[in-house]
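Asker: Sequence plus the predicted model coming up.
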Amino acid sequence: MNFLKKVAAKLSPVFATRAFNMVFALVISIVIWMYVVYLVNPAADKTITNIPIEYRNASVILDKKLVITSDLPETISVTFNGTRADVLKLSDKNVSAYVDLSGIKTPGEVTLTVTLEYSAALNEKKFTATPKNTWNITVAIDYLFSKEVPVEPVYTSQSLAAEGYQAGKIQFDVTEITVSGPKNEVDTVERAVVYITKEDLTSTFTEQSEFKLVDKNNNPVVSAHLTSSADKITVTLPILLVREVDIVLPEFQYIAGTNAGNVDVDISPAKITVAGEESVMTFASLMLKAVDLASFAESTEYTTTLTLPEGVTNVTGTTEVTVKISIRGLETREFHTSNIQVINLEEGYASNVLTESLVVTLRGAAEMLNGISPENIRVVADMKQYMGDNGMTGDIIVPVKVYVDGEFGGAGALFTYEVTVHLVKT
């Protein structure tokens with residue numbers, strides 16, 4: 001007894017403090033609250049707002065070629081009644097709502113049921129929702145109509161390509177979009193437009209772009225009842241380097257008296273403007289086919305088609321060029337020669353040249369041609385290609401080369417010649 005009195009005497013100053021009284025009051029309040037909530041546990045209401053509504057089996061009505069034309073509520077607010085302890089557990093995290101669309105069969109007004117779902121941790125029997133966990137909504141149903149509309153670009157910039165560059169033809173991964181929905185709304189859609197906002201580009205760009213549906217007056221068509229076969233369109237806009245290039249002939253093989261000083265060349269047009277991606281614009285000029293200066297006597301003129309490297313476009317538009325080649329200060333003269341030789345005849349073969357003489361045309365300076373005699377002209381038939389295991393025998397027409405020997409090598413033969421050689425195996 002004395003011990004308790006001593007303890008009480010020591011604690012009495014603590015009990016008299018303001019802090020003790022506040023802590024003691026808080027503890028008592030918690031005890032009373034717990035008693036009320038968990039023992040007395042009165043009835044209570046709780047309203048949960050903005051519970052999302054999930055619309056299930058939407059694909060079923062699309063398969064039936066139907067579409068919902070009225071606006072669908074996205075959320076629902078529900079008031080729950082139950083004991084305080086139970087309704088406090090409810091939230092939009094463990095309560096959800098759904099509408100099953102699979103029951104829609106025909107066009108017209110249809111009443112659908114919004115049904116609540118609860119997580120497994122909740123006991124539905126301990127609370128109620130007004131009215132009885134289900135709500136009805138009325139929606140309008142129409143036949144689904146679809147049509148294809150073209151995809152077109154709309155440029156918002158005046159200078160897509162930077163100076164010295166050119167924008168090529170825009171490309172879309174799809175050229176048409178299928179628009180589906182109520183017929184009266186689908187009918188208003190004329191095209192799908194992609195807005196191109198780039199400017200001063202120096203290289204090709206590719207991106208996925210959103211598009212807008214527009215009517216015949218280019219006004220946007222916006223409706224929750226319309227769907228499209230794509231969400232975005234892949235756009236590729238080629239940006240081409242533009243350059244003026246020369247049109248040239250390959251370097252001549254100067255023969256038959258010609259040299260750089262007596263051959264004149266005129267190419268018309270001499271230049272054209274071309275465009276292409278920088279990776280393919282690596283050439284300085286457009287090369288025509290080589291010309292054999294021994295294929296004509298004094299001049300030649302011909303028209304040829306330009307061939308551009310792959311990926312290069314002709315900005316000028318000229319597809320043909322005219323080439324004129326003239327040879328100055330030379331003459332031509334015909335000579336008869338019987339000096340015909342055979343070379344590269346393998347062992348085991350014998351030949352007999354059946355062509356006894358040949359008339360050849362030589363070109364060169366006049367004073368040089370005056371000094372040439374038939375003995376200076378040598379005609380050579382090369383038999384190498386007719387030898388071997390698969391060699392030929394009999395009368396063979398053989399192309400020949402004509403040589404001018406001695407001090408007259410500045411002159412040369414024009415055109416091509418052939419002789420007939422009889423070939424046998426010995």
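Answerer: Received the coordinates, thanks.
Asker: so Thr332 makes contact with Leu414?
Answerer: Yes - applying CB atoms under 8 Å, one finds Thr332 in contact with Leu414, separated by 6.6 Å. Placement of C-beta: from N, CA and C, glycine included.
Asker: shared neighbours of these two, anything?
Answerer: Jointly contacting Thr332 and Leu414 under the rule CB atoms under 8 Å, 6 or more residues apart in numbering are 297, 361-363.
Asker: In the protein, where is pLDDT below threshold?
Answerer: 1-21, 23-25, 27-41, 131-134 (pLDDT under 70).
Asker: how does it divide into domains?
Answerer: The record's domain parsing of the chain by automatic domain parsing lists 2-40, 43-143, 145-237, 243-327, 331-425.
Asker: got those as TSV, with mean neighbour count columns?
Answerer: As requested, the domains of the chain are exported to TSV (neighbours: other CB atoms under 10 Å):
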stretch	mean neighbour count
domain 2-40	10
domain 43-143	14
domain 145-237	15
domain 243-327	14
domain 331-425	15
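Asker: picking that back up, hmm, which two among the shared contacts of Thr332 and Leu414 are most spread apart?
Answerer: Spatially, the most separated pair among these is Ala297 and Leu362, at 10.4 Å (CB to CB).
Asker: Name the residues contacting each of the two.
Answerer: Common contact partners of Ala297 and Leu362 (CB under 8 Å, 6+ apart): 332, 414.
Asker: Straight-line length of stretch 342-361, end to end?
Answerer: 21 Å (CA to CA, to the nearest Å).
Asker: who touches Tyr349 in this structure?
Answerer: Taking CB under 8 Å, 6+ apart, one finds 383, 387, 391, 423-426 in contact with Tyr349.
Asker: Mind putting these into TSV with distance to Glu244 and secondary structure?
Answerer: TSV is the format used below for those (distance: CB to CB, whole Å; DSSP: H, G, I helix; E, B strand; the rest coil):
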residue	distance to Glu244	secondary structure
Met383	51	coil
Met387	52	coil
Gly391	54	coil
Leu423	56	strand
Val424	62	strand
Lys425	62	strand
Thr426	64	coil
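Asker: and the closest residue to Gly412 other than its chain neighbours, how far is that from Thr361?
Answerer: Spatial nearest neighbour of Gly412, chain neighbours left out: Ala256 (3.3 Å); criterion: CB to CB, 6 or more residues apart in numbering. According to CB to CB, to the nearest Å, Ala256 stands 9 Å off from Thr361.
Asker: Overlap in contacts, those two.
Answerer: By CB under 8 Å, 6+ apart, Ala256 and Thr361 have these common neighbours: 413-414.
Asker: Many thanks, I have nothing further to ask.
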